[in-house]
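Asker: Provided below for reference: sequence and predicted model.
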Amino acid sequence: MRYQGKGVYSAVTIGKVQLFKREETVVRRTHISDVKQEKKRLEEAKRLATEQLETIYEKALKEVGESNAQIFQIHIMMLDDEDYNDSIQNIIENQHINAEYAVAVTSDNLSALFENMDNSYMQARAADIRDISNRLIACLAGNHQEQETRDLPDKVILCAEDLAPSETVSIDKEKVLAFVTAYGSANSHTAILAGTMNIPAIIGLGEEFLSQIKDGQTAIVDGYTGQFIVDPSEEEVLLAEKKIQEDLEKKQMLQRLKGKENITIDGHKIHIYANIGNMDQVGAALMQDAGGIGLFRSEFLYLENTDYPTEEQQFRVYRKVLESMTGRKVIIRTIDIGADKQVDYFQLEKEENPALGLRAVRLCLARPEIFKCQLRALYRASAYGNLGIMFPMIASTGELEEILSICEEVKQELDEDGIQYGNKVELGVMIETPAAAIISDQIAPMVDFFSVGTNDLTQYTLACDRQNPNLERFCDPHHEAVLRLIELAAKNAHAHGLWIGICGELAADTSMTETFLRMGIDELSVSPGYVLKIRDVVRNIDLSK
Amino acid sequence: MKTFEHKVKASEGIHARPAGLLAKLVKEMNASVIISKGGKSADAGKLLSLMNLGVRKDDIITVTISNGEDTVYEKIKNFMDENF
């Protein structure tokens, strides 16, 4: 059986299913005669519940850290909340009903209030109200030891409707492989806990699955896809095992190489940066320990919009990336849009050969207002970090001159408006046309760095459409012609004191790493997931041999 | 009585934690502080009621302080600038 939910922590596991049973306390409504005595009982239970919560807070502090443990301090405050207490006391007083029932009614009323709010975070807080109320009821019933660690068979996939915050703490984490719940949101404690424990979790599967599964059944939890597969087929198990193995290797690599230098055996250092295509990937770049962003494709700002993104909109995104990278180099490539990456509102004419058409800087020079808007946003953001601006598809010094004079114009305008910008913004050219590589000696004195776009450089050098699958065997990025062009650009870069990087797919090709290092390539920029792999390769290269 | 307006800057609005801290502060000072937003009001000393206002980022809340020491205004204002 397959069930689809929402994965809240990306990892995979295979194990035995275990239903999480809650000992529901049935709350009976009884009439009481001694209001004073009942209130005293309530006060005593409240004191006990608070004590329990203090203990849980201390435990959570050690297990899941301060920020996640704080919820139990909030629980203590909620228990002491005036509205909560007034409601319970009023019910006892006016209706002469037992305290347990008064707490249950109050819990229902207040949690419903939160459930109806139009804010998913606040909706999730209804679980907190129910949690403290259940605790209070248990204390009233004289059930004091319910918060001890629950007995679980070894290593299980815990399946529940949802887990209350205090339940997530009372579970013996050594024994849990994954969490799978019928309800819950990304804000729920189950999701937060899975994140701190680094185990897969799927939420929102719907309650039917709980009645269809049995303890001990084998199941796969795929936190990447949100799939929960009970009684999986052999192929499904093999696939899951492969994913687990990959995750494990990545994790081991991370532990082994995080924080280490990108240095060869003989002491040659290079930079390994990450290529990213949107804001979400900044986190991945940081997690994989990238030394910077070597290629930030700014196209998503245009592709995700229905109209030209404003300067302000762009500024905010660029600033955020720069701030997130805290002083590390961030190279943003100006728009690379053309007939191959269509954006409706650009209203571009259809072209016979879009790869050779009005794209990237060519489009920017044809429509300078779009270009200037992006440059203004980039320069404004440069005050917040270490920015490099990179121009794609350069083929002549003439067009580069035009671009550089627009940059000067933009800076002048910012000066006039009294707007600050960084004074060390590096400007660079993408080496992705054979022309740029061949005249790299002329281009070099005009800029601060080069970055080789190997995908386009290969397609233009070999006259091979890289979108055409029939040409795959001809479109060889290892072709001597491509490598000679890269080497030429590297030589000319260094002759003029520039640094040179590679940001195309070839940068992640580990069979090429040594060749690139021998050419003198100073930086390799790869997808976040490859950063450590390349670091590993670099650390095993000896250039002195 | 003192009243001031505050624009909420915290990206997640008034969450449980800052609300809890404010409630604690108000109780400690024995002050009466009312927070209103869009016609709804809550006693800042009551955590649940404060959370129920559902204040989000960029919402403008009105804070009314009706008794307590002179230092209350300053303390509350500082607290909001730092936490909300």
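Answerer: Received, thanks.
Asker: C-alpha only now, for contacts and for neighbours.
Answerer: OK.
Asker: Surely residue B:57 touches residue B:83?
Answerer: No: using Cα atoms under 8 Å, residue B:57 is not in contact with residue B:83; the gap is 11.8 Å.
Asker: Can you list the buried residues in the one helix or strand residue B:64 maps to?
Answerer: Per DSSP states H and E: residue B:64 is located in strand B:60-67. Residues of strand B:60-67 classed as buried: B:60, B:61, B:62, B:63, B:64, B:65 (neighbour count, 16 or more other Cα atoms under 10 Å in any protein chain shown).
Asker: Can you classify the residue nearest to the fifth one when sequence neighbours are not counted by secondary structure?
Answerer: In space, and not counting its chain neighbours, residue B:64 is closest to residue B:3: 4.4 Å by Cα to Cα, 6 or more residues apart in numbering or on different chains. Under DSSP: H, G, I helix; E, B strand; the rest coil, the three-state class of residue B:3 is strand.
Asker: and the strand ranked longest in chain A, what's its mean pLDDT?
Answerer: In chain A, taking DSSP state E as the definition, the longest strand is strand A:12-19. Averaged over strand A:12-19, pLDDT sits at 92.
Asker: quick one: buried residues of the helix or strand just after it?
Answerer: Per DSSP H and E, strand A:12-19 leads on to helix A:35-64 as the next helix or strand towards the C-terminus. Buried residues in helix A:35-64, counted by 16+ other Cα under 10 Å: A:35, A:38-39, A:41-42, A:45-50, A:52-54, A:56-57, A:60-61, A:63-64.
Asker: How about stretch A:221-239?
Answerer: By neighbour count on 16+ other Cα under 10 Å, the buried set for stretch A:221-239 is A:221-232, A:237.
Asker: again with stretch A:411-430
Answerer: A:411, A:414, A:421, A:422, A:425, A:426, A:427, A:428, A:429, A:430.
Asker: try stretch B:6-17
Answerer: Quick answer for stretch B:6-17 (16+ other Cα under 10 Å): B:6, B:8, B:9, B:10, B:13, B:14, B:15, B:16, B:17.
Asker: Could you tell me which of those residues belong to helices?
Answerer: If you go by DSSP state H, the buried residues of stretch B:6-17 have B:16, B:17 in helices.
Asker: when you check chain A, which of the buried residues of stretch B:6-17 turn up near it?
Answerer: Filtering the buried residues of stretch B:6-17 for proximity to chain A (criterion: Cα under 8 Å from any Cα of the partner chain) leaves B:15, B:16, B:17.
Asker: count of neighbours near the nearest residue to the first one once chain neighbours are set aside?
Answerer: Right, residue B:15. Leaving aside its sequence neighbours, residue B:15 sits nearest to residue B:51 (Cα to Cα, 6+ apart; 6.8 Å). When neighbours are defined as other Cα atoms under 10 Å in any protein chain shown, residue B:51 has 22 of them.
Asker: One more: residue A:248?
Answerer: Number of residues near residue A:248 (other Cα under 10 Å) recorded here: 13.
Asker: Could you do the one 5 residues further on as well?
Answerer: Neighbourhood size, residue A:253 [other Cα under 10 Å]: 16.
Asker: Now do the contacts for it.
Answerer: If a contact means Cα atoms under 8 Å, 6 or more residues apart in numbering or on different chains, then residue A:253 has A:532, A:533 as its contacts.
Asker: repeat that with 7 Å
Answerer: Residues in contact with residue A:253 (Cα atoms under 7 Å, 6 or more residues apart in numbering or on different chains) are residue A:532.
Asker: Helix or strand for it, just tell me which one.
Answerer: Using DSSP H and E, the element containing residue A:253 is helix A:234-257.
Asker: tell me the angle that helix makes with strand A:12-19.
Answerer: Relative orientation of helix A:234-257 versus strand A:12-19 (axes from the mean of the first three to the mean of the last three Cα atoms, to 10 degrees): 120 degrees.
Asker: Off-centre distance for helix A:234-257?
Answerer: 19 Å (Cα atoms, centre = their mean, to the nearest Å).
Asker: any weak-confidence spans in chain B?
Answerer: Within chain B, the stretches with pLDDT under 70 are B:68-69.
Asker: List the contacts of residue 7.
Answerer: Using chain A. A:201, A:202, A:203, A:223, A:224, A:225, A:226.
Asker: nope, chain B please
Answerer: Residues in contact with residue B:7, defined by Cα under 7 Å, 6+ apart, are B:58, B:59, B:60, B:61.
Asker: Please parse chain A into its domains.
Answerer: A:24-140, A:267-539 (automatic domain parsing).
Asker: so which of the ones you listed gets nearest chain B?
Answerer: domain A:24-140 (5.9 Å; Cα to the nearest Cα).
Asker: How about the closest one and chain B, any contact?
Answerer: Yes: contact between domain A:24-140 and chain B is present through A:74, A:77, A:78, A:81, A:82, A:114 (criterion: Cα under 7 Å from any Cα of the partner chain).
Asker: circling back: next SSE after the helix holding residue A:253?
Answerer: Downstream of helix A:234-257, the first helix or strand assigned by DSSP H and E is strand A:271-276.
Asker: Next, report how far that next one is displaced from the centre of its chain.
Answerer: 16 Å.
Asker: Kindly export that strand (C-alpha atoms) in CSV.
Answerer: The C-alpha coordinates for strand A:271-276 follow below in CSV (Å, rounded to 0.1, in the frame of the first residue of the first chain):
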residue,chain,number,x,y,z
HIS,A,271,38.1,27.9,-4.3
ILE,A,272,35.0,25.7,-4.6
TYR,A,273,31.8,27.7,-4.9
ALA,A,274,28.2,26.7,-5.5
ASN,A,275,25.9,27.3,-8.5
ILE,A,276,22.4,28.3,-7.5
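Asker: What's the mean pLDDT across the following helix or strand past that strand?
Answerer: Per DSSP H and E, strand A:271-276 leads on to helix A:281-287 as the next helix or strand towards the C-terminus. The average pLDDT within helix A:281-287 is 89.
Asker: and the angle from the next helix or strand after helix A:281-287 to strand A:271-276?
Answerer: Once helix A:281-287 ends, the next helix or strand along the chain (criterion: DSSP H and E) is strand A:293-297. If you take the same axes, to 10 degrees, strand A:293-297 sits at 20 degrees to strand A:271-276.
Asker: List the strands paired with strand A:293-297, with their directions.
Answerer: When pairing is defined by DSSP bridges, strand A:293-297 lines up against strand A:271-276 (parallel), strand A:329-333 (parallel).
Asker: how about CSV for those, with mean neighbour count and mean pLDDT added?
Answerer: What follows is the strands paired with strand A:293-297, written out as CSV (neighbours: other Cα atoms under 10 Å in any protein chain shown; pLDDT from 0 to 100):
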stretch, mean neighbour count, mean pLDDT
strand A:271-276, 26, 96
strand A:329-333, 24, 98
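Asker: Pull up the residues of chain A that are close to chain B.
Answerer: Residues of chain A lying close to chain B (Cα under 7 Å from any Cα) are A:74, A:77, A:78, A:81, A:82, A:114.
Asker: Please produce JSON lines containing those, extended by distance to residue A:98.
Answerer: Shown next, in JSON lines, are the residues of chain A next to chain B (distance: Cα to Cα, whole Å):
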{"residue": "A:74", "distance to residue A:98": "26"}
{"residue": "A:77", "distance to residue A:98": "23"}
{"residue": "A:78", "distance to residue A:98": "21"}
{"residue": "A:81", "distance to residue A:98": "20"}
{"residue": "A:82", "distance to residue A:98": "19"}
{"residue": "A:114", "distance to residue A:98": "25"}
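Asker: Would you mind checking the residues you listed for buried ones?
Answerer: Buried by 16+ other Cα under 10 Å: A:74, A:77, A:78, A:81, A:82, A:114, out of the residues of chain A next to chain B.
Asker: hmm, who's touching stretch A:278-294?
Answerer: By Cα under 7 Å, 6+ apart, stretch A:278-294 touches A:258-259, A:271-275, A:300, A:321, A:325, A:328-331, A:503, A:525, A:528-529, A:531-532.
Asker: what bridges to residue A:203?
Answerer: Applying DSSP bridges to residue A:203 yields these beta-bridge partners: residue A:6.
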